[in-house]
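Engineer: Could you work out the structure for the sequence below:
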Amino acid sequence: MVEIKGLKIYIVIFVTLLIVGLFFAAQYLLALYRIDKPLRDQLAALEGIRGLEIIENAKSTDIRLELEPGIDFYNLYQNVDGIMEKILGNKRGKIIITNNSIKELSASYLQMHYAIYEGINTGRFLEMKKNIDDIALSLELDNYQVWVDNEAVYLQLDKNNNSFYSRISYHDNNVK
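Structural biologist: Just a heads-up that it's a prediction; the model follows:
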């Protein structure tokens, strides 16, 4: 047994490893019960969310959502964003919407996205809405909604009990 000034080295190493392990376990439990669990519980309580995944990054926490068809996308998005702001604060990351919709709705979005980006770049949102109305009419969608706020354009397309959701930010895309 190696001893330095009466201390056994293996005991010092064991105690050091134990303290480091307890530190990391405490950090994990703190994150779990102060952030992950409240975030997961509050988001799961919202109507319209089919599935959710919390993605921890180095500087932020992203949320991946799978949404039910036919919900009020804009209001649900605002609620999710508010919950993230309250719980995560400056560690709030992105809200990622997963669309498992039929290809027809994705193709419909591709036809509309030109009008959306043109509206964002020009600031002519009424013309953008009219162009989207014309495209939606030709595609025979069951329903569609377009919302505009200070941050983004929100689009919801519904057909045959399927929905496609998209949020196009003014800032993330360097369009304005």
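Engineer: Residue ranges of each domain in this structure, please.
Structural biologist: Domain assignment for the chain by automatic domain parsing gives 9-98, 103-169.
Engineer: Could I get the average pLDDT for the last one?
Structural biologist: Looking back up the chat, that one is domain 103-169. Domain 103-169 shows a mean pLDDT of 94.
Engineer: where do the helices sit along this structure?
Structural biologist: Ranges of helices within the chain are 9-31, 37-44, 73-88, 103-122, 125-139, based on DSSP state H.
Engineer: Can you tell me which of the domains of the chain is most buried?
Structural biologist: Across the domains of the chain, averaging neighbours per residue (mean count of other CB atoms under 10 Å) puts domain 103-169 on top, at a mean of 16. Just so you know, the C-beta spots here come from the backbone N, C-alpha and C atoms, and that holds for glycine as well.
Engineer: From the chain's centroid, how far away is it?
Structural biologist: Offset of domain 103-169 from its chain centre (CA atoms, centre = their mean, to the nearest Å): 19 Å.
Engineer: Looking at the domains of the chain, spot the one closest to Glu3.
Structural biologist: If you check each of the domains of the chain against Glu3 by CB to CB, domain 9-98 wins as the nearest, at 7.1 Å.
Engineer: I'd like to know the average pLDDT value across the closest one.
Structural biologist: For domain 9-98, mean pLDDT rounds to 88.
Engineer: quick one on the thing from earlier: possible to save the helices of the chain as a markdown table with distance to Asn161?
Structural biologist: As requested, the helices of the chain are arranged in a markdown table below (distance: least, CB to CB, whole Å):
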| stretch | distance to Asn161 |
| --- | --- |
| helix 9-31 | 38 |
| helix 37-44 | 23 |
| helix 73-88 | 15 |
| helix 103-122 | 11 |
| helix 125-139 | 16 |
